[in-house]
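Visitor: predicted coordinates and the sequence they were generated for:
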Amino acid sequence: MVRAATRCISAFCARSGTSCVSRYFASTTAVAKPPSRHRARWRHEVASFGYALQGIGEALKSEPHLRFHALATAAAVALGAWLQLPRYDWALVALAIGAVWTAELMNTAVESIVDLVSPDFHALAGRAKDVAAGAVLLASLAAVVVGLLVFGPPLWAKLLPLL
Ligand SMILES: Nc1ncnc2c1ncn2[C@@H]1O[C@H](COP(=O)(O)OP(=O)(O)OP(=O)(O)O)[C@@H](O)[C@H]1O
């Protein structure tokens, strides 16, 4: 029975012009399928995330203001942990930090574009830089207000007994 089946398969392979062995390997080592659209999209998203992190890293290297914000962020987080801020206060602090970082990164981007397209003096180039810098100033002032309101009372309560 087995011998008959083997003979039958061999005859089929011989008729179709390929050896049974090569047909077997062709089926098991199938050519790699092109990545599905979903997987390609996912790879694209991961790459974009990498570029964004790279952008923040580049800005940190070139902008002293951003390094100052990094220090201020670390100090605010450490102070918040020490004061054991409640959840909603952490949310306010996170929003304030995010707003300042966002404004500073956008300001850096505007400065780069202006320097690229208008290396010479131009009133509009100056206005673009000034407006972008104004956004940083506003976000920083708002962060200072949030900092005073959130950190002030618990810090005062902690320090008062020591005075
Ligand atoms: N191409 C330009 N044309 C007109 N005015 C400009 C131009 N470049 C800069 N300025 C003016 O000079 C100011 C300072 O510009 P600069 O490029 O030194 O940025 P900055 O605010 O000092 O930021 P950073 O310290 O991060 O470089 C701008 O806010 C703008 O008023």
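Guide: Structure's in. What do you need?
Visitor: for this structure, which spans come out with low pLDDT?
Guide: For the chain, the stretches with pLDDT under 70 are 1-35.
Visitor: residue numbers of it in contact with the ligand?
Guide: For the chain, the contact set with the ligand under Cβ under 6 Å from any ligand atom comprises 63, 65, 111, 114, 118, 121-122, 125-126, 129-130, 133. No exception for glycine: its C-beta is placed from N, CA and C like everyone else's.
Visitor: quick check on the residue in the chain positioned nearest to the ligand: phi, psi?
Guide: Across the chain, the shortest distance to the ligand (Cβ to the nearest ligand atom) belongs to Gly126, at 2.8 Å. With angles defined as degrees, to the nearest 10, Gly126 sits at phi -60, psi -40.
Visitor: what distance do you get for it to Tyr88?
Guide: Using Cβ to Cβ, to the nearest Å, Gly126 is found at 41 Å from Tyr88.
Visitor: neighbour count: the two, which is higher?
Guide: Gly126 (12 against 9; other Cβ atoms under 10 Å).
Visitor: now do the contacts for the closest residue to Ser118 other than its chain neighbours.
Guide: Of all residues beyond its chain neighbours, the one nearest Ser118 is Ala125 (3.8 Å), with distances taken as Cβ to Cβ, 6 or more residues apart in numbering. Going by Cβ atoms under 8 Å, 6 or more residues apart in numbering, Ala125 touches 114, 117-118.
Visitor: report how many residues lie close to Arg39.
Guide: 10.
Visitor: SS state for it?
Guide: Counting by DSSP: H, G, I helix; E, B strand; the rest coil, the backbone at Arg39 sits in helix.
Visitor: what about the closest residue to Val110 other than its chain neighbours, helix or strand, and which?
Guide: Leaving out its chain neighbours, the residue that sits closest to Val110 by Cβ to Cβ, 6+ apart is Ala132, at 3.9 Å. For Ala132, the element it lies in under DSSP states H and E is helix 123-159.
Visitor: before we move on, back to that, for the residue nearest to Val110, what are its contacts?
Guide: Contacts of Ala132 by Cβ under 8 Å, 6+ apart are 106-107, 110-111.
Visitor: ok, Val150 next?
Guide: Each residue near Val150 by Cβ under 8 Å, 6+ apart is listed here: 80, 85, 89, 92-93.
Visitor: surely Ser62 touches Leu105?
Guide: No: in this structure Ser62 lies outside contact range of Leu105 using Cβ atoms under 8 Å: 11.5 Å.
Visitor: which one of those two has more residues nearby?
Guide: The residue with more neighbours, out of Ser62 and Leu105, is Leu105; 19 against 12, by other Cβ under 10 Å.
Visitor: understood, closing this out.
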